[in-house]
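**Q** Structure, please.
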Amino acid sequence: MPRSRHLPPALFACALLACGEGAAGDRAWKRGDLAGSIPHYQALLELSPERRFRLARALVGEGLDEEARALLVAVPREQWTEDGWMAQGLLLLGEQKPTEAAVAFATGAALGEDPALRVNQCAALLAADTPDATVCAEALTRAPQDPAALLGLAASSLAADNLVVASRALDGLRKSPQTKPEHLAQAGRLYHLLGDAGAACEVFEQGGASLEAGLACAAAGRLERAEALLEPFVDQDPRAAFTLGTLALERALAQQDPGERERAVADAWRRMRACREAWGDTPDWLNNAGRLHALDGDEQAAEVSFRRAMELDPQAPYPPLNLARLLEARGDQEESGRLLESVASLGGMTGAIAALDLARRACDRGDQEEAVERAREVMASCQGAEVAACVVESAIVLATLVAASDPEQAIALVQQAHEIGGDAIVGRLRAEPQLAPLASDLRYASIVGGAAGAGAGR
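**A** Sure, this is the predicted structure:
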C-alpha cells in the first residue's frame, strides 16, 4: 500500500503556523535581523523562554518598550536568559538609569558569550560617570572594533590618567568600520580632555560639520577651517560669534599693515557685538573688549573693561595680564609688576606668559642675568596639555634675550621652536627685532626665508 503524502492534521498546522513561524523567526535572529524576527515570533501561539526573551530584546530595539516589559514581567528573573537581561538593560538605559542598566548587562554577560552585553555594560558605566577600564577591556576582547567599548576604555583610562591607553583607544575608534557620527562626537570631546585639539578638530570633522568641530579647530590653530565651520552657527550659539571675534582680534594683533589691522578690528567688533547680549557681562567678553579698545587707542575704556572682568572673576588670568601690559605701556611699573607676579604664580600657559613678560622687563632694565634665568625657569617648568605651546614661547623669548650675546644658542632655540611650532611661528620670529643679529645666519634664513617662499606659493 503506498505511503500517504499527507501530514496528520496536527503536524500540518504546526508546519504552517507555529513550527514554520518559529523557525523563520530563528533564522532572522541568527542572521542579525532582530526586527525581522518580530512578526514571526509574535505569530506563535506559545513562546518558548528563549524566543520570548529574543522577542523582548527585538521589541526594545524597535522602541516598543511596553510590549517588551509585558514579556519580561511574565517570567521570574531567575529564568531570564542573556537576551532577557539585555532587554532589561536597554529598558533601564531608556529610563535614564545607567547604573542599574550596567548591573543588568553584567548579569546577562555572566550567562553567555554575547559580546554586546559586555560592550553595553562598558557603555552604561560610562554613561553613569563610573567608567571601568577592566570591563571595557574585556568588552574589546569579545568585540575588538566595537566603538562603544573603545570609547569606554578611552574614558576610563583618561579618568585613571592613563593617557597612552586612552589615546590608543581613540585612535582605534577612528579606524573602526563600525564607528558612527555619534561615536566620533564623543571621541572628539575625549581628545579635547586629552589636550589634543588637533585630533579633536579632525575627529569632529570626520563626524560632520558642527559647532564643536569649529571650536576644536579654532583651539588647534586651524583658523581658516574654524571660520568656515563656525560661520553657519553665528545666529544659533554665542560661542560661534565669540570665537570668530577672538580670531579676528588675533588677526588684528598680528597684522603689520594698518589697513588690514583696521579691517580685522572692525570684524572683531562686529562679532563681539553679535554675542554681547548673551555674554556681554562675562570676563571673557570684557577681556576681548578691553583688547579691542586698546587697539583702538582708547586706553581708558580698555582699563575699565579689564578691571570689570577682574571683579567678575578674580581668578581669571588674562584680564590682569592684559591690564599689566596696558599699565606698563603707560609707565606704571609698580602695579603692572604686581599683576604680572600674581598671574605668574597661577602657573599654566598664562602664568608662563606673565613670567616671560617679567623676563623681558628685567632685560629692559639691564638685568640680563635675571632675564635669562627667568626665561629658562619657565622653559624647564613647561608641562601638561599646553607643554608644546609653552616650550615654543619660552624658546622664542629666550632666543631674543641671548641673540646678541650668544647667537649659536639663539639659533638652537629658534630651531627648537620651529621644530615644534612649524611655519606658524615664522611671522612671530620676523616680528622680533631682537633676533636681527641672526639675519645673516643661513640656518635662521632657512627657517624664516624658506617659509616665506613657501607661503607665497599657496
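
**Q** okay, CA-based contacts and neighbour counts for the rest of this
**A** Fine.

**Q** Leaving out chain neighbours, which residue sits closest to P181?
**A** In space, P181 comes closest to G207 once its chain neighbours are excluded; the distance is 4.4 Å by Cα to Cα, 6 or more residues apart in numbering.

**Q** same question, A362
**A** A371 (5.1 Å).

**Q** Contact partners for Q255?
**A** The neighbourhood of Q255, defined by Cα atoms under 8 Å, 6 or more residues apart in numbering, consists of R261.

**Q** which element follows the least confident helix or strand in the chain by mean pLDDT toward the C-terminus?
**A** When the helices and strands of the chain are scored by mean pLDDT, DSSP states H and E, helix 9-16 comes last with a mean of 44. Toward the C-terminus, helix 9-16 is succeeded by helix 18-30 as the next helix or strand (DSSP states H and E).

**Q** tell me what that next one is packed against?
**A** In terms of contacts (3 or more Cα pairs under 8 Å, 6 or more residues apart in numbering; DSSP states H and E), helix 18-30 is packed against helix 34-42.

**Q** mean confidence for the helix it packs on?
**A** Per-residue pLDDT over helix 34-42 has a mean of 90.

**Q** so what does the helix or strand following that helix touch, helix or strand wise?
**A** Where DSSP H and E defines the elements, the next helix or strand beyond helix 34-42 is helix 49-61. When contacts are defined as 3+ Cα pairs under 8 Å, 6+ apart, helix 49-61 packs onto helix 34-42, helix 65-73, helix 82-94.

**Q** right, so these: which one is the most enclosed?
**A** Compared across the helices and strands packed on helix 49-61, helix 82-94 shows the largest average neighbour count, a mean of 25 (mean count of other Cα atoms under 10 Å).

**Q** quick check, distance from it to the centre of its chain.
**A** Relative to its chain's centre, helix 82-94 lies at 30 Å (Cα atoms, centre = their mean, to the nearest Å).

**Q** which other residues reach it?
**A** Taking Cα under 8 Å, 6+ apart as the rule, helix 82-94 contacts 50, 53-54, 56-58, 60, 65, 68, 72, 98, 100-105, 107-109, 111-112, 114, 117, 124.

**Q** rewinding a little: count of neighbours near the residue nearest to P181?
**A** 20 (other Cα atoms under 10 Å).

**Q** Same question for the one 10 residues further on.
**A** C217 is surrounded by 26 other residues when neighbours are defined as other Cα under 10 Å.

**Q** Now the buried members of the contacts of helix 82-94.
**A** Among the contacts of helix 82-94, those classed as buried by 16 or more other Cα atoms under 10 Å are 53-54, 56-58, 60, 65, 68, 72, 98, 100-105, 107-109, 114, 117, 124.

**Q** Under the pLDDT cut-off, which ranges of this structure? List them.
**A** Applying pLDDT under 70 to the chain flags the ranges 1-19, 450-458.

**Q** Give me the most central residue, it.
**A** H192 (2.6 Å; Cα atoms, centre = their mean).

**Q** secondary structure element for that residue?
**A** Applying DSSP H and E, one finds H192 within helix 181-194.

**Q** I would like the residues contacting that helix, please.
**A** Contacts to helix 181-194, defined as Cα under 8 Å, 6+ apart, come from residues 147-148, 151, 154-155, 158, 163, 167, 170, 173-174, 197, 199-201, 203-204, 206-208, 216, 385.

**Q** What residues of it count as buried?
**A** Using 16+ other Cα under 10 Å as the test for burial, helix 181-194 gives H183, L184, A185, Q186, A187, G188, R189, L190, Y191, H192, L194.

**Q** can you check stretch 157-173 too?
**A** Quick answer for stretch 157-173 (16+ other Cα under 10 Å): S157, L158, A159, V165, A166, S167, A169, L170, D171, G172, L173.

**Q** could you redo the residues you listed as TSV and give each row distance to A28 and secondary structure?
**A** Shown next, in TSV, are those (distance: Cα to Cα, whole Å; DSSP: H, G, I helix; E, B strand; the rest coil):
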residue	distance to A28	secondary structure
S157	38	helix
L158	40	helix
A159	41	helix
V165	38	helix
A166	37	helix
S167	38	helix
A169	33	helix
L170	33	helix
D171	34	helix
G172	31	helix
L173	29	helix
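
**Q** thinking again about what came up before, against which helices or strands is whatever helix or strand comes next after the helix holding H192 packed?
**A** Under the assignment DSSP H and E, the closest C-terminal helix or strand after helix 181-194 is helix 197-206. Helix 197-206 sits against helix 181-194, helix 211-219, with contacts defined as 3+ Cα pairs under 8 Å, 6+ apart.
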